[in-house]
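S.K.: make a model of this:
(one chain, ligands or ions: 1)
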Amino acid sequence: MELKICHMYPDVLNLYGDRGNVMCMTRRLQWRGIEASVTRLPIGSSPSLAGFDLVFIGGGQDFEQQVLLADLHRGKDREIKAAIEDGVPFLTICGGYQMLGSYYETYDGQRCDFIGALDLYTVGAVQRMIGNYSFQCEASAGSSVVVGFENHSGKTWLGSGVEPLGKVLSGFGNNSQDGTEGAHYKNVFGTYSHGPLLPKNPAFCDHLLLTALERKYGKAELAPLDDSAELLAHDEMCRRLTKG
Ligand code: GLN
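M.R.: Below is the predicted model:
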């Protein structure tokens, strides 16, 4: 078995070491004897997503989101939409998550027209939403409790065609108002959680990998790994967050 992973815009969307998530997926596959390859698609690369089994898009600041807009609308927008409708799993973080929605309007009124692959939009607030946080994934996204780190000005609002990824347990999530975090549509998982999202949340990582393997091979199983170090980090952060 093998997964072909696409890392889209690694040159501009890589805040807080988001690419560590790609390394985590690769290792967790290899440790189980499953092959993994990673192809980077920076600005200027061919837009084609043909043949990829999983797509990762990290986060970036408003500036980077504006920098990539022209390239996005030169064909990657159509490719992303087609891949999503075809059920390709995506993990998208913060700026990369916002990019799949219709638009992002910054708090000072600058508008980025994105791709509308997901029924959501984002509007910037003056006060940024920053800090460690946690959320409980919906059953359709595996039910695990995820600990992460968020830093965004954008408040994201989901339309009727898209489900939240989870419910906020502590922190801000999509918009600090409706208790939702992230988005789940077909096999797209969008979240505000940066940095070592997958290393700290092995259950969520495996849910994503299993989704990709089952889509490709029909049936798949992931052998258990020794996650004791990862779970120590996860559980300690849960403990700190619930202590307030
Ligand atoms: N520019 C977006 C915001 O501030 C995304 C930031 C990010 O990816 N951390 O809302």
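
S.K.: neighbours of Gly87, how many?
M.R.: By other CB atoms under 10 Å, the residues close to Gly87 number 12. Just so you know, the C-beta spots here come from the backbone N, C-alpha and C atoms, and that holds for glycine as well.

S.K.: dump stretch 168-185 to CSV, restricted to CA.
M.R.: Only the C-alpha atoms of stretch 168-185 are listed here, as CSV (Å, rounded to 0.1, in the frame of the first residue of the first chain):
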residue,chain,number,x,y,z
VAL,A,168,-14.8,23.9,21.1
LEU,A,169,-13.9,22.7,24.6
SER,A,170,-11.6,25.6,25.4
GLY,A,171,-10.4,28.5,23.3
PHE,A,172,-12.0,30.3,20.3
GLY,A,173,-12.4,28.0,17.3
ASN,A,174,-14.1,29.2,14.2
ASN,A,175,-15.3,32.5,15.5
SER,A,176,-15.4,32.6,19.3
GLN,A,177,-19.2,32.8,19.2
ASP,A,178,-21.0,29.7,18.0
GLY,A,179,-18.8,27.0,19.7
THR,A,180,-17.8,25.4,16.4
GLU,A,181,-14.3,24.6,15.3
GLY,A,182,-13.2,23.9,11.8
ALA,A,183,-15.1,22.3,8.9
HIS,A,184,-15.8,18.9,7.6
TYR,A,185,-17.1,18.4,4.1
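
S.K.: so is that stretch next to the ligand?
M.R.: No - counting by CB under 6 Å from any ligand atom, the ligand has no neighbours in stretch 168-185; the shortest distance is 10.7 Å.

S.K.: pull out the buried residues from that stretch.
M.R.: If you call a residue buried by 16 or more other CB atoms under 10 Å, then stretch 168-185 has these buried ones: 168-175, 180-185.

S.K.: JSON lines for those residues, including pLDDT and secondary structure?
M.R.: JSON lines is the format used below for those (pLDDT from 0 to 100; DSSP: H, G, I helix; E, B strand; the rest coil):
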{"residue": "Val168", "pLDDT": "98", "secondary structure": "strand"}
{"residue": "Leu169", "pLDDT": "97", "secondary structure": "strand"}
{"residue": "Ser170", "pLDDT": "97", "secondary structure": "strand"}
{"residue": "Gly171", "pLDDT": "97", "secondary structure": "coil"}
{"residue": "Phe172", "pLDDT": "98", "secondary structure": "coil"}
{"residue": "Gly173", "pLDDT": "98", "secondary structure": "coil"}
{"residue": "Asn174", "pLDDT": "98", "secondary structure": "coil"}
{"residue": "Asn175", "pLDDT": "98", "secondary structure": "coil"}
{"residue": "Thr180", "pLDDT": "98", "secondary structure": "strand"}
{"residue": "Glu181", "pLDDT": "98", "secondary structure": "strand"}
{"residue": "Gly182", "pLDDT": "98", "secondary structure": "coil"}
{"residue": "Ala183", "pLDDT": "98", "secondary structure": "strand"}
{"residue": "His184", "pLDDT": "98", "secondary structure": "strand"}
{"residue": "Tyr185", "pLDDT": "98", "secondary structure": "strand"}
